[in-house]
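Student: Predicted structure and sequence below. I'll ask about it afterward.
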Amino acid sequence: MLLEINPDNPQPRLISKVVETLKNGGVVAYPTDTTYGIGCSIFSKKGIERIYLIKQRERKKPFSFICADLSEIARYAKVSNYAFKLLRRLLPGPYTFVLEANSVVPDLLLTKQRTVGIRIPDNEICLAIVKELGHPIVTTSANLSGEDPIGNPWQVETDMGKLLDIVVDGGDLTADVSSVVSLIGDVPEVLRKGVGDVSWCE
């Protein structure tokens, strides 16, 4: 189902509809500040399993998740003073930061090293969803593994709509991806160059 939501002033009634779907274990597509993502509640094992099947993704590759703000990041990851200052400067923005996970993170979202990828996208719709839900949602680009990300909600609906509970239409986006930066250790390490400027750590 395609659900059009105003990207500048998300309608609370429609955000609540998406959140109710997530609370019931549903899987939705939603806009970020790069491309469209697919997600579910991080506490929905069934939803996470569905996303692996939808994406045709290898099980050894865990998903990142979206937090509402810096205080929520601190509930799910260990954040050093240095990392906190960096996150405060760059977020919300087109970055995924790899951090050491806290014990509350579900095992399905952990790497073997017990790290997690965390985002706070600069997008009113997805942040409104996460804030109302009260905890993070899984984030992975809306495409099959190995294929290009999709920035058009109608294309997401055409390609994947039958596999999803809701496709949120938040307008046309890019087909770009976030920059991935590891903050494990004392020196930031760029794992993927995307939209976010990474010249500060080179």
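Tutor: Looks like it arrived, so ask away. Residues are numbered from 1 along each chain as shown.

Student: Tell me which residues of stretch 134-142 come out buried.
Tutor: Within stretch 134-142, the residues scored as buried using 16 or more other C-beta atoms under 10 Å are 135-142. (C-beta placed from N, C-alpha, C; glycine too.)

Student: Tell me the helix or strand right after the lengthiest strand in the chain.
Tutor: Across the chain, the strand with the greatest residue count (assigned by DSSP state E) is strand 95-101. Per DSSP states H and E, the first helix or strand lying C-terminal to strand 95-101 is strand 115-119.

Student: and the residue nearest to the spatial centre of the chain, what are its bridge partners?
Tutor: Nearest residue to the geometric centre of the chain (C-alpha atoms, centre = their mean): residue 139, 2.8 Å. Applying DSSP bridges to residue 139 gives these bridge partners: residue 64.

Student: Touching, it and residue 35? I think so.
Tutor: No - applying C-beta atoms under 8 Å, one finds residue 139 not in contact with residue 35, separated by 10.5 Å.

Student: Residue 164: how many residues sit nearby?
Tutor: Neighbour count of residue 164, defined by other C-beta atoms under 10 Å: 23.

Student: An error on my part: the question was meant for residue 146.
Tutor: 8.

Student: ranges for the helices of this structure?
Tutor: Taking DSSP state H as the test, the helices found in the chain are 12-23, 45-55, 70-76, 81-90, 124-133, 153-160.

Student: Mind listing what's buried along the fifth one?
Tutor: By 16+ other C-beta under 10 Å, the buried positions in helix 124-133 come out as 124-130, 132-133.

Student: same deal with the last one?
Tutor: Buried residues in helix 153-160, counting neighbours by 16+ other C-beta under 10 Å, are found at 153, 155-157, 159-160.
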